[in-house]
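In: Below are the sequence and a predicted model; questions follow.
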Amino acid sequence: MPDLRLCPPPPRDDLLRQLRLRIGALAPGLRLLAEGLLGAGSRIDFVASEPDGQVVLVLVGEEGDDLALLARGLAQKAWAEARLRDWLQLAPELGIRPEAGARLWLLSPSFDPQTREAALALGAGAPQLVVYRGVQDGAGVETLLEPLQQPAAALPQPTPDAPAAGGFRTGLRDADLGLTPEERREFE
């Protein structure tokens, strides 16, 4: 078995190529719709949709730009949400649901505590923060993804009198679990 060791991530073009192949591992059923989409003054690295029709915007940052990445991501999310109905009209086969809105995933080699706190302050709309790392083995450099745990305060909290969204007491939705409809029926 070859020795594995952490190393700097590959150059951006190679990084994006590797991430394209691995992004689905973060949410089963995720469908890649577009890459390098020009959004609010800059590019959105990946646009995807979840099985429930919610759009996912993925921005990939570099070391030290995580706070700027958060700001850029929020701007891109607002830009995209204003256009979801148009996207559906242009391409109904995308299967997106404009009323489901958009989620934001930010990928960076690290996240400063200030960036984490700023993301947490967004509450239920907090982006998913994902750390990417370069790992070298005998074949070259591969990229690993490590989602950061979102504190409970970032998850939607059901009120005691109302049922939780999606039917779970925790406030999770079917899409958060990444279950297919068949898998979900097994638990009913």
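Out: Everything's here; your move.

In: Just the element for residue 114, please.
Out: helix 113-120 (DSSP states H and E).

In: Quick check: which helices or strands does that helix pack against?
Out: helix 66-81, strand 128-137 (3 or more C-beta pairs under 8 Å, 6 or more residues apart in numbering; DSSP states H and E). Quick note: C-beta positions are derived from backbone N, CA and C, even for glycine.

In: Report the backbone C-alpha coordinates of the shortest one in CSV.
Out: This means strand 128-137. C-alpha atoms of strand 128-137 as CSV (Å, rounded to 0.1, in the frame of the first residue of the first chain):
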residue,chain,number,x,y,z
GLN,A,128,-22.2,24.4,4.0
LEU,A,129,-18.4,24.8,4.6
VAL,A,130,-16.2,22.1,3.1
VAL,A,131,-12.5,21.8,3.5
TYR,A,132,-10.5,20.4,0.6
ARG,A,133,-7.1,18.8,1.1
GLY,A,134,-4.4,17.5,-1.3
VAL,A,135,-3.3,14.0,-0.6
GLN,A,136,-0.3,12.5,-2.4
ASP,A,137,-0.1,8.8,-3.1
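
In: Quick one: work out the angle between that strand and helix 66-81.
Out: With axes from the mean of the first three to the mean of the last three C-alpha atoms, to 10 degrees defining the directions, strand 128-137 sits at 120 degrees from helix 66-81.

In: Which positions in strand 128-137 come out as buried?
Out: Buried residues in strand 128-137, defined by neighbour count with 16 or more other C-beta atoms under 10 Å: 128-132, 134, 136.

In: if you average pLDDT over stretch 39-52, what comes out?
Out: Averaging pLDDT along stretch 39-52 yields 96.

In: buried set for it?
Out: Per 16+ other C-beta under 10 Å, stretch 39-52 contains these buried residues: 39, 44-51.

In: For residue 94, state which of the residues you listed is nearest.
Out: Set against residue 94, the nearest of the buried residues of stretch 39-52 by C-beta to C-beta is residue 49 (6.4 Å).

In: Could you tell me how far the closest one is located from residue 120?
Out: 26 Å (C-beta to C-beta, to the nearest Å).

In: tell me the domain boundaries of the chain?
Out: As given by automatic domain parsing, the domain ranges for the chain are 5-149, 156-188.

In: and the longest one, how far from the chain's centre?
Out: Relative to the centre of its chain, domain 5-149 is centred 5 Å away, using C-alpha atoms, centre = their mean, to the nearest Å.

In: Save the buried residues of strand 128-137 as JSON lines, and put in pLDDT and distance to residue 113 too.
Out: Conversion of those to JSON lines gives the following (pLDDT from 0 to 100; distance: C-beta to C-beta, whole Å):
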{"residue": "128", "pLDDT": "97", "distance to residue 113": "17"}
{"residue": "129", "pLDDT": "97", "distance to residue 113": "12"}
{"residue": "130", "pLDDT": "97", "distance to residue 113": "17"}
{"residue": "131", "pLDDT": "96", "distance to residue 113": "14"}
{"residue": "132", "pLDDT": "96", "distance to residue 113": "19"}
{"residue": "134", "pLDDT": "92", "distance to residue 113": "23"}
{"residue": "136", "pLDDT": "90", "distance to residue 113": "28"}
